[in-house]
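Novice: have a look at this prediction, sequence included:
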Amino acid sequence: FQEVYGGVSVDKSASTVPYVDRQIRNHKQKQSIAKAAAEFVQDGDIIFIDSGTTTVEMVEFVKEKELTVITNNVDFIIKALPYNNLSVFSTGGMLERKTNSFTSAENDELITSYNITKAFIASTGITIKNGVTNSLPLESGLKSTVVRESAENFLLVDSSKFDKAALTTYCQLNEINYLISDSIPEKYVRYAKENNMEVVITEK
């Protein structure tokens with residue numbers, strides 16, 4: 001949201017942009033974020049890979065590891081096909097073409113049965129007040145459950161996502177353990193220190 005005289009307005013840039021357009025936008029930054037996130041992944045981990053054009057980049061940096069991957073990210077599933085060392089479990093459901101992901105109201109119950117060690121999640125926009133937000137309500141339920149169930153949560157966002165709020169909040173910022181971005185505004189760095197969050201800045 002943007003502050004305006006006498007009220008609040010929705011930031012249209014935090015709405016769902018077509019997937020192909022988002023793939024191109026800030027691609028170099030997304031690759032550096034994904035590479036930094038992958039450094040936290042170890043052989044034997046059970047990880048969740050969220051839908052998103054940043055999280056999908058992780059496949060290139062984890063493809064040599066022995067992992068169990070739970071994901072709703074269709075592109076990640078396709079890119080992981082050549083690598084037998086990646087055991088991939090799909091959340092299933094309806095194909096949401098806006099995000100190239102599977103969505104279902106029943107996915108939440110499925111997620112609770114997995115012992116996720118690390119979740120790598122995406123966001124349409126984040127603010128300190130509104131938390132971590134998403135444009136599609138049906139996806140937000142799954143994201144909320146993942147954050148609650150995972151031992152550690154990693155938020156992967158490029159610098160364009162800060163101070164923008166989308167339709168729904170799926171978790172508060174202090175529920176994130178690691179905030180990874182190409183650049184992080186100082187007020188978010190201060191917030192992270194106050195809430196025992198780790199920040200990883202890929203471009204300094």
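Specialist: Ah, there it is.
Novice: contact partners for the closest residue to Q31 other than its chain neighbours?
Specialist: Distances taken as C-beta to C-beta, 6 or more residues apart in numbering put E57 closest to Q31, at 5.2 Å, once the chain neighbours are dropped. Yep, even glycine has a C-beta here, placed from its N, CA and C like the rest. If you count contacts by C-beta atoms under 8 Å, 6 or more residues apart in numbering, E57 has them with 30-31, 33-35.
Novice: most neighbours among those residues, which one?
Specialist: I33 (29 neighbours; other C-beta atoms under 10 Å).
Novice: one step back: give me the pLDDT value at the residue nearest to Q31.
Specialist: Looking at E57, its pLDDT reads 97.
Novice: could you do L95 as well?
Specialist: 91.
Novice: does it have beta-bridge partners, and which?
Specialist: Note on L95: beta-bridge partners by DSSP bridges are F102.
Novice: surely it and N72 touch.
Specialist: No. Using C-beta atoms under 8 Å, L95 makes no contact with N72, being 10.2 Å away.
Novice: picking that back up, would the residue nearest to Q31 count as being in a strand?
Specialist: No. According to DSSP: H, G, I helix; E, B strand; the rest coil, E57 belongs to no strand; its state is helix.
Novice: count of residues packed around K161?
Specialist: 23.
Novice: how about it: what's its closest non-neighbour residue?
Specialist: Closest residue to K161 apart from its sequence neighbours, by C-beta to C-beta, 6+ apart: G125 at 5.2 Å.
Novice: how close does the one you found get to E64?
Specialist: Between G125 and E64 the computed distance is 33 Å (C-beta to C-beta, to the nearest Å).
Novice: where does the chain have low pLDDT?
Specialist: 1-25, 204 (pLDDT under 70).
Novice: go with 80
Specialist: Counting by pLDDT under 80, the ranges of the chain that qualify are 1-26, 105-109, 204.
Novice: can you show me the strands along it?
Specialist: 2-4, 7-9, 46-49, 67-71, 86-90, 94-96, 101-103, 118-121, 125-127, 131-134, 152-156, 168-171, 178-181, 198-201 (DSSP state E).
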